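[1] Here's my sequence, what's the structure:
(chains A and B)
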Amino acid sequence: MESTTGNFKQNASKALADDKLKAALEKLSEGFPAKRREAAARLPEFEALRDQARDIKTHVLANLDFYLEQFEARVIEAGGTVHWCRTAAEARSTILRISRNAGAKTVTKSKSMISEEIAINDHLEHHGIQPVETDLGEYIIQLRHEPPSHIIAPAIHLSKEQVAETFRKNHTHLAPERSLKEPRALLEEARDELRQKFLSADVGLTGANMLIAETGSIVLVTNEGNADLTYSLPNTHIVIASLEKIVPTLEDATTLLRVLARSATGQDISVYTTFCTGPKRPDDLDGPEDFHVVLLDNGRSKMLGGEFHDMLRCIRCGACLNHCPVYKAIGGHAYGWVYSGPMGAVLIPNLIGMDEAKHLPNASTLCGKCENVCPVRIPLPRMLRSWRKQQFETDKRSTIGRKTLRAWAFMAARPWLYRLGVAPVITVLAALGRKRGRFRRLPLVGGWTQNRDLPAPQGGTFVARWNRGERP
Amino acid sequence: MSENLIPAPSVGLFATCLVDLTRPSVGFATAKLLEDAGCRVTVPGAQSCCGQPAYNSGDNADARTIAEKVIKVFEGFDYVVAPSGSCAGMIRHHYPVLFETDPEWSDRARTLADKTFELTSFLVDVMKIDTLAADYDGVVTYHDSCSGLREMGVQEQPRKLLSQVSGMALKEGAEREVCCGFGGLFCVKYPDISGQMVDAKVDDILATGADTVLAGDLGCLMNIAGRLQRRGSEVCVRHIAEVLANMTSAPPLGEPQEKP
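    Presented below is the predicted three-dimensional model:
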């Protein structure tokens, strides 16, 4: 997908001025966190499960080669094929090739962030194959030609009125008197439309929430059941997944499932949880004839063993987005690429480069709420700081911000010089602010006074006053 | 009698740059609380800042230089106490990271880290203070600042101390644990986003109906006071130490020293 991450500041300002978006984001940040909290409270072992989930992923990442090869061997035994792809381009052409071999005119898709990452829809469309998103949210944003704004709730930025409008515009057969006011009516309209697409699709493309090494199975988690129709009706099932989705055993998969839905939506478990292993067997009643797994690296192996290694534990639950006050303020589109929120701010620079993504690690207060709720305990603030450190060390352009910071640090490391330097400034500011107690405007601190007054200093510094013997 | 045999612990008061430069009353209140708790308080003259602005900007080299200075100046005390969860968190959690590959400094950083505390948690967890002689006539709400809450585990301690202040009622905000949007340099680098965040915080404060906001970090308090006052609100903003020490004669943040 084309990135607008470089325009982060403009994207954010635009988002902040959008009242409909603000209303949608408020609803999100009231709903999901409360549901997660309740779900966690209902399960006494939730914190222990988070530790286990973290440990499973840590173990996998330390033995990734072993489990990936084991997974491949099991997929082949089950009658499927594994395609190893280094880049997004390789994955795109592999999926196109398999689809062409299947004679595909349409490909139904269930929600997959990796498919967004490699922009498979544009590629298939460009080559004459129609991709059809079947997750309700994804379907809506496909009609609107928008990227997802949240990794588990892709159309969370839209109101139901906007969805109704989108359906009216695209479903031209719709009778004008048909009401689309209620969410239920919208759902039925999408369902009618999609039912035919499910039945006529030649290829079903799904992601995978997990890949299980010991069985060669893939795990699909949805609340709509659309993944099940996507993979079971067409003759060909293609799975696209990145390397780090692997887990060793079925047992491990269930541990992760126990934290996944609770962290994401506060459900004890998703409505549909499906384990698929290989193509249809002779005595199966249904299922695909062909089963392909496209295993994508796309920058992951470069992260292994480095400062961002732990990011590969991510199970894409969205909890860090749901709890992030910055995400709540600006929504997902401002981040300008597939991912958003704290996980996006760490991952996006890894995948599209720091030049384009330079704002993301900085646009955070490091409040720590993301790490606090992450089911696999990824130290997201630490990694945001790691990016800032890399930026500071590589981008040596002498900006005013950098000069000021270094000058201040020079003083701070020399407390006597610091005291000499700050005393007159404080004296002047205290005198100027004495009458009003605060400043509405002050040179050099426009960023502060744009939205808030600046409290005036009381006068004198505490350290000097104390050491002169002053006691109140 | 036996407690008199235990020497009073020596505490190095790390004032933090914001308290030192903008609100000495918080420093005096902190010193009083520590002395009342039985500590021998020293305010080293050779202190400036904990280095967090450099550290959070990715300037680890400068952060280390500042941290070395802080370690040298404060390592001789039994404890180091700061009226801030953020600055205490920097010393306790991030100094050891800064020096983790440096054999000469890592032990010294770790030793200092282990004896560094945020003020209210020091009073409750270390000095076991459970009574205070303070009164405050008002309805207050308390903002849990991020580093204090999530890095330093400061949550129950300030509330326990506030419950000892007579005449005060505490009304909790629904979003008391949500970041106020200060974030150090974040608030000037991304003023639009920060402005939206502090607005949400102010909405939550106003919804409590409290007449006073307290918190343990001056950065958050300046941000919150600045936005409240820009919106024309008369809610008072103070550092919790001022109330706990019964030293509320200085005007609240952003209020004039002289009546016009």
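[2] Domains in chain B, by residue range?
    B:2-124, B:131-244 (automatic domain parsing).
[3] So which of those is nearest residue A:215?
    Nearest to residue A:215 among those is domain B:131-244 (38.8 Å), distances taken as CB to CB. Bear in mind the C-beta positions are built from the backbone N, C-alpha and C, glycine included.
[4] Just give me the residue right at the centre of the chain.
    Defaulting to chain A. The centre of chain A sits closest to residue A:339, judged by CA atoms, centre = their mean, with a distance of 3.9 Å.
[5] To clarify, I was referring to chain B.
    Note: chain B centre (CA atoms, centre = their mean) maps to residue B:84, 2.0 Å.
[6] Residue A:104: what secondary structure?
    Following DSSP: H, G, I helix; E, B strand; the rest coil, the label given to residue A:104 is coil.
[7] right, and it touches residue A:204 too?
    No - counting by CB atoms under 8 Å, residue A:104 does not reach residue A:204; the two are 10.0 Å apart.
[8] residues shared between the contacts of these two?
    residue A:236 (CB atoms under 8 Å, 6 or more residues apart in numbering or on different chains).
[9] With distance to residue A:462 added, can I get the domains of chain B in TSV?
    Listed next are those as TSV, based on distance: least, CB to CB, whole Å:
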stretch	distance to residue A:462
domain B:2-124	3
domain B:131-244	11
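[10] how about these in CSV, adding mean pLDDT and distance to chain A?
    Shown next, in CSV, are the domains of chain B (pLDDT from 0 to 100; distance: least, CB to the nearest CB, whole Å):
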stretch, mean pLDDT, distance to chain A
domain B:2-124, 96, 3
domain B:131-244, 97, 3
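[11] closest one to residue A:438 among these?
    domain B:131-244 (6.0 Å).
[12] Which secondary structure elements does the helix or strand harbouring residue B:89 sit against?
    Using DSSP states H and E, residue B:89 falls within helix B:85-89. If you count contacts as 3 or more CB pairs under 8 Å, 6 or more residues apart in numbering or on different chains; DSSP states H and E, helix B:85-89 packs onto strand B:79-82, strand B:116-118.
[13] The first one - which strands sit beside it in the sheet, and in what orientation?
    Think strand B:79-82. strand B:10-13 (parallel), strand B:116-118 (parallel) (DSSP bridges).
[14] Which stretches in the stretch 101-250 of chain B count as strands?
    Per DSSP state E, counting those that start in this stretch, the stretch 101-250 of chain B carries strands over the ranges B:116-118, B:135-143, B:166-170, B:212-215, B:236-239.
[15] Take the strands paired with strand B:79-82 and write them to TSV, including distance to residue A:1 and mean neighbour count.
    As requested, the strands paired with strand B:79-82 are exported to TSV (distance: least, CB to CB, whole Å; neighbours: other CB atoms under 10 Å in any protein chain shown):
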stretch	distance to residue A:1	mean neighbour count
strand B:10-13	53	23
strand B:116-118	44	27
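[16] need the strands for the stretch 151-300 of chain A, in chain order.
    A:203-206, A:210-212, A:217-222, A:236-242, A:246-247, A:272-276, A:290-296.
[17] Figure out which of these is closest to chain B.
    Relative to chain B, the nearest member of the strands of the stretch 151-300 of chain A by CB to the nearest CB is strand A:236-242, separated by 27.7 Å.
[18] Now do the closest one and strand A:290-296, the angle between them.
    20 degrees (axes from the mean of the first three to the mean of the last three CA atoms, to 10 degrees).
[19] what's in contact with strand A:236-242?
    By CB under 8 Å, 6+ apart, the list of residues contacting strand A:236-242 reads A:91, A:95, A:98-99, A:102, A:104, A:112, A:114-115, A:117-118, A:120, A:202-208, A:211, A:218, A:231, A:276, A:279, A:287-298, A:300.
[20] who does that strand pair up with?
    For strand A:236-242, pairing defined by DSSP bridges yields strand A:203-206 (parallel), strand A:290-296 (parallel).
[21] Buried residues of stretch A:386-401, list them for me.
    A:386-389, A:391-392 (16 or more other CB atoms under 10 Å in any protein chain shown).
[22] First-to-last residue distance for it?
    19 Å (CA to CA, to the nearest Å).
[23] Which strand or helix spans residue A:139?
    Residue A:139 belongs to helix A:136-143, assigned by DSSP H and E.
[24] what's next to that helix, contact-wise?
    A:109, A:111, A:121, A:131-133, A:147-149, A:153-156, A:158, A:163, A:166-167, A:169-170, A:187, A:190, A:194, A:224, A:226.
[25] buried subset of those residues?
    A:109, A:111, A:121, A:131-133, A:147-149, A:153-156, A:158, A:163, A:166-167, A:190, A:194, A:224, A:226.
[26] Let's see which of these end up in helices.
    A:121, A:163, A:166-167, A:190, A:194, A:226 (DSSP state H).
[27] Provide a list of residues in contact with residue A:245.
    A:208-211.
[28] Residue B:120 too?
    Contacts of residue B:120 (CB under 8 Å, 6+ apart): B:154, B:157-158, B:161, B:216, B:240, B:244.
[29] Next: residue A:455.
    A:433, A:437-438, B:22-23, B:222, B:225-226, B:253-254.
[30] Among these, which lie within helices?
    A:433, B:22, B:222, B:225-226.
[31] Let me know the closest of the residues you listed to residue A:20.
    For the ones in helices among the contacts of residue A:455, the residue nearest residue A:20 by CB to CB is residue B:226; the value is 28.6 Å.
[32] my guess is the closest one meets residue B:233, correct?
    No - assessed by CB under 8 Å, residue B:226 is found out of contact with residue B:233, at 11.0 Å.
[33] Those two: who's more crowded?
    Between residue B:226 and residue B:233, residue B:226 has the larger neighbour count (other CB atoms under 10 Å in any protein chain shown), namely 27 against 15.
[34] So what's the residue count around the closest residue in space to that one that isn't next to it in sequence?
    Ranked by CB to CB, 6 or more residues apart in numbering or on different chains and with sequence neighbours excluded, the top spatial neighbour of residue B:226 is residue A:452, at 3.1 Å. Using other CB under 10 Å, residue A:452 is surrounded by 28 other residues.
[35] If anything else comes up later, I'll come back, but that's it for now.
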